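Undergrad: model this:
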Amino acid sequence: MKPLFPCLLLTIALGTTAVAQNIYNNPNSNHGNKFEQLGGTLPTPNEYRTASGAPGPKYWQQRCDYDIKCELDEQNLKLNGSETVTYFNNSPNELVYLWLQLDENQHSTVNNANYQTSNPMNRQVSPQQIDRVDEAKSDNGYGFQISTLTDAGGKAIKYTVNKTMMRVELPAPLKPGQRFVFKLDWSYKISDRMNRGGRGGYEYFPEDGNHVFTMTQWYPRLCVYSDFQGWQNHQFTGRGEFALTFGNFKVQMTVPADHVILGTGECQNYQAVLSPAQFARWNKAKLATEPVEVVTLDEAKAAEKQKNTKKKTWIFKADNVRDFAWGSSRKFIWDAMSTKIEGKKIMCMSGYPKEAYGLYRKFSTKVVEHTIKTYSRFTIPYPYPVAQSIEASSGMEYPMICFNFGRTEKDGTYSEGTRNGMLGVIIHEVGHNFFPMIINSDERQWSWMDEGLNTFVEYLTEELWDNKFPSRRGPAAFITDYMKLPKEQLEPIMTNSENIVQFGPNAYSKPATGLNILRETIMGRELFDYAFREYARRWAFKHPEPADLFRTLEDASGEDLDWFWRGWFFSTEVCDISLDTVKYARPDLAAEPNASNEMTVKRSADKPLLPTFDDISKIRNREDKNISFRTDADTTLRDFYWRYGRGLEPYDSSKLEVTIPGNKPEKLNDAEREKYGNRHMYELTFSNKGGLVMPIIIEWTYKDGTKEIERIPAQVWRLNESKVTKSFIKDKEVASVKLDPMRETADINESNNSWNTIPEPSRFTIFKQAQGGGRRNQGGQAGNPMQRAQDKKKGF
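TA: As a prediction, the model looks like this:
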């Protein structure tokens, strides 16, 4: 390979070439293992899970079907139920027992998981805290009460309750390919979710004396038995969520006659439980493209006052789902509309009390539709017949249904923050239909595999709702506050759910940001989107593990990303790339060289982070003529904050003067004067102060006012992970240099990213390289600093 300048001698200066020695564990080495393959860090591929990240030829998973009948006792705040469970053993193993989850035992003082954390003494203690301590001294009556457990013929089966788990001992070993049917009757006290916490329970409205019930984790459920773990029977502490088995559900719920139920799947008897007017509106909604109130605001207000004491039974069915949840209340307003995804009709619906009417009636169902359409674009087409959002002062997800927040003030007004929070939580929770309800990862082990991936696609969905939506999780600039924390306060993404300290950043924000960096900065949208869709396609309705994601994204894109997984997911290193020096040289056109003195340059920090700013995703989405924003297509969604809240805030910058050595010019060869006289050469030196390797993104601002972005892949660090020196030849003179101008790499220290004044040029000498002088520059030249063959000829 010929040198860039035919007559300029180049020397590679990226570090030692003696890499054969084992220095991976040498902390003083400038060549660690950041670019080595993960190798044994990931599980060994096998016939169940392949090295490509795809399910193997012998992949298997269990199935469990449920037939459940329950009755809601509103007066006594109790749920009574019975279920028939059919468990299919599709594994190659013989099973002698089954494990079930008793999540309601979380509230029990006897059978909770009892995972305690340190709690220093607080000088301010509430009466409720003291009451809770007193309550813990005896059985508070919460948790599942199992009254009977029998086989299909009515014969009692032995079982053992261990905190939030129950082991059922099979009458005979369950061989591969066999199924086992058993029945159990149970009940539990429904907890006050607003005071006791948790994902399910009731909220009481003292103004009208009514409840909203959110029935979640409400029945004994099978644990997952898998090829990679066996039984996932880790205790439920309230933190790590769920690992569940796919199956078919038939559920009959008997509730007060004036209650409205919204639940997983499709109701089988609307005509029996709705009034004729409501049923007519339901049929209208099935053809509507704008939300139709099936149960109106006036009807809900009337029901609040009447409190019917009769009962009705609602019947739902749901196929190939991992769970079933439902909400019930006489306070519910219910609206619905239909949409289509790849020709399939899907009902988008919302349920909410009057306290949320001013927000949910305007936005919720349309947000549901926007979410499933956008997620379908980035993953797989939404496969279920229903998607719905329920307002319940919470944020929790289940198949085809989720519970969210977003209430107006008493006068019907709302703040911009409340609106944006509501939009974000609906997108997030509806999005969970894909992660983990369909791409069914193990939440109990890896929270980030559902929360992080879902938060990433939530960010893409928010961006396509409104290009100015103030997304906080996704843009790299917003993760830096977390990554600036002291090392002892950081933890790898690859941390078990129960052991995470900074749960929000670690399980949600950092993985979402990492995927966005892959998409926008490292892989590019086309490669990333194809690979991410392939992961969703491969693992839809299956149980993926982290290695399946990592391997699939590499396999489908042709990119070696082990360095990124190692740094972003397995370590606590951070990105802090410093632009240490800038040197400038021009060909020597003077007859005699002139000495130069030291030069003083000015380095400045970037402007502070604005509440909203045009990150790279916003810029590209706005420039893409094929992208339509929902608030542009439907102008009814533009409210006061959309119209008046779209400006930029002023900012101040600080400057720091730095002195660098001057350079000594040298005379230019006459034969080269005409050819090279107008070129500008710059040498930039970068140091990796944070440890995390990332691409180097350079913004050149030229003296004529134009700009150029130059991107150097992260592999530039592969021979020296601490320092890189690169030289560049430009046709125009540079006014300033800035790293990562669009904040793509989560650089935690932007004060060392800029050189805002380029020094006066020194001179460089162009000379012809002697023939036959060796092949030192014939290989991959990761760096080419401006060095002379002999010290006495240096021109800087």
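Undergrad: below-threshold pLDDT in the stretch 101-250 of the chain: ranges please.
TA: Counting by pLDDT under 70, not a single residue of the stretch 101-250 of the chain qualifies.
Undergrad: hey, where'd the strands end up in it?
TA: Counting by DSSP state E, counting those that start in this stretch, the stretch 101-250 of the chain has strands at residues 145-151, 159-162, 165-174, 179-189, 201-205, 210-215, 221-222, 225-226, 230-231, 247-256.
Undergrad: which one of those lies nearest to residue 465?
TA: Proximity to residue 465, assessed across those by CB to CB, is greatest for strand 210-215 (25.6 Å). (Glycine included, C-beta is placed from N, CA and C.)
Undergrad: okay, and the most centrally placed residue in the chain sits in which element?
TA: Against the mean C-alpha coordinate of the chain, by CA atoms, centre = their mean, the closest residue is residue 452 at 2.5 Å. Assigned by DSSP states H and E, residue 452 belongs to helix 447-465.
Undergrad: hey, C-alpha coordinates of that helix in CSV?
TA: Provided in CSV are the C-alpha atoms of helix 447-465 (Å, rounded to 0.1, in the frame of the first residue of the first chain):
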residue,chain,number,x,y,z
SER,A,447,-34.5,-7.3,34.5
TRP,A,448,-32.6,-5.5,31.7
MET,A,449,-33.7,-8.0,29.0
ASP,A,450,-37.3,-6.8,29.2
GLU,A,451,-37.0,-3.4,30.8
GLY,A,452,-33.9,-2.3,28.8
LEU,A,453,-35.0,-3.6,25.4
ASN,A,454,-38.5,-2.3,26.0
THR,A,455,-37.2,1.2,27.0
PHE,A,456,-35.1,1.3,23.9
VAL,A,457,-38.1,0.7,21.6
GLU,A,458,-40.2,3.0,23.8
TYR,A,459,-37.7,5.7,22.9
LEU,A,460,-38.0,5.0,19.2
THR,A,461,-41.8,5.1,19.6
GLU,A,462,-41.8,8.4,21.5
GLU,A,463,-39.6,9.9,18.8
LEU,A,464,-42.1,8.9,16.2
TRP,A,465,-45.0,10.3,18.3
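Undergrad: contacting residues around residue 384?
TA: 321, 346, 399, 400, 433 (CB atoms under 8 Å, 6 or more residues apart in numbering).
Undergrad: can you list those in CSV and add secondary structure, distance to residue 723 and neighbour count?
TA: Formatted as CSV, these follow (DSSP: H, G, I helix; E, B strand; the rest coil; distance: CB to CB, whole Å; neighbours: other CB atoms under 10 Å):
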residue, secondary structure, distance to residue 723, neighbour count
321, strand, 53, 24
346, strand, 54, 23
399, coil, 51, 25
400, coil, 54, 28
433, coil, 47, 28
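Undergrad: quick check: the farthest pair among those residues?
TA: Applying CB to CB across those, the maximum distance is between 321 and 346, 14.8 Å.
Undergrad: next, format the contacts of residue 384 as a markdown table and append pLDDT.
TA: Below are the contacts of residue 384 laid out as a markdown table (pLDDT from 0 to 100):
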| residue | pLDDT |
| --- | --- |
| 321 | 98 |
| 346 | 98 |
| 399 | 98 |
| 400 | 98 |
| 433 | 98 |
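Undergrad: would JSON lines of these with distance to residue 368 be doable?
TA: Below are the contacts of residue 384 laid out as JSON lines (distance: CB to CB, whole Å):
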{"residue": "321", "distance to residue 368": "17"}
{"residue": "346", "distance to residue 368": "9"}
{"residue": "399", "distance to residue 368": "14"}
{"residue": "400", "distance to residue 368": "10"}
{"residue": "433", "distance to residue 368": "10"}
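Undergrad: what about residue 736, which SS state?
TA: The local conformation at residue 736, judged by DSSP: H, G, I helix; E, B strand; the rest coil, is strand.
Undergrad: distance check, it against residue 581.
TA: 14 Å (CB to CB, to the nearest Å).
Undergrad: settle it for me: which of these two has more neighbours?
TA: Higher neighbour count among residue 736 and residue 581: residue 736, with 20 against 16, using other CB atoms under 10 Å.
Undergrad: that one bridge partners, please.
TA: Note on residue 736: beta-bridge partners residue 701, judged by DSSP bridges.
Undergrad: is it in contact with residue 755, as I believe?
TA: Yes: Residue 736 lies in contact with residue 755 (CB atoms under 8 Å); the separation is 6.3 Å.
Undergrad: any buried residues in the one helix or strand residue 427 maps to, and which?
TA: Per DSSP H and E, residue 427 falls inside helix 416-431. With burial defined by 16 or more other CB atoms under 10 Å, the residues of helix 416-431 counted as buried are 418-431.
Undergrad: mind checking which helix or strand residue 711 is in?
TA: Counting by DSSP H and E, residue 711 is part of strand 707-712.
Undergrad: quick one: the next helix or strand after that strand to strand 707-712, angle?
TA: Counting by DSSP H and E, the element after strand 707-712 in chain order, helix or strand, is strand 723-730. Going by axes from the mean of the first three to the mean of the last three CA atoms, to 10 degrees, strand 723-730 is angled at 140 degrees with respect to strand 707-712.
Undergrad: tell me how far residue 292 lies from residue 396.
TA: In terms of CB to CB, residue 292 sits 26 Å off from residue 396.
Undergrad: chain neighbours aside, what residue packs nearest to residue 733?
TA: Spatial nearest neighbour of residue 733, excluding adjacent residues (CB to CB, 6 or more residues apart in numbering): residue 703 at 4.9 Å.
Undergrad: and the pLDDT at the one you found?
TA: pLDDT for residue 703: 95.
Undergrad: any chance of TSV for the strands of the stretch 101-250 of the chain, columns mean neighbour count and distance to residue 283?
TA: Below are the strands of the stretch 101-250 of the chain laid out as TSV (neighbours: other CB atoms under 10 Å; distance: least, CB to CB, whole Å):
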stretch	mean neighbour count	distance to residue 283
strand 145-151	15	41
strand 159-162	14	46
strand 165-174	16	43
strand 179-189	18	37
strand 201-205	20	31
strand 210-215	24	26
strand 221-222	22	34
strand 225-226	22	43
strand 230-231	15	46
strand 247-256	20	22
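Undergrad: pretty sure the residue nearest to the centre of the chain contacts residue 516?
TA: No: using CB under 8 Å, residue 452 makes no contact with residue 516, being 10.8 Å away.
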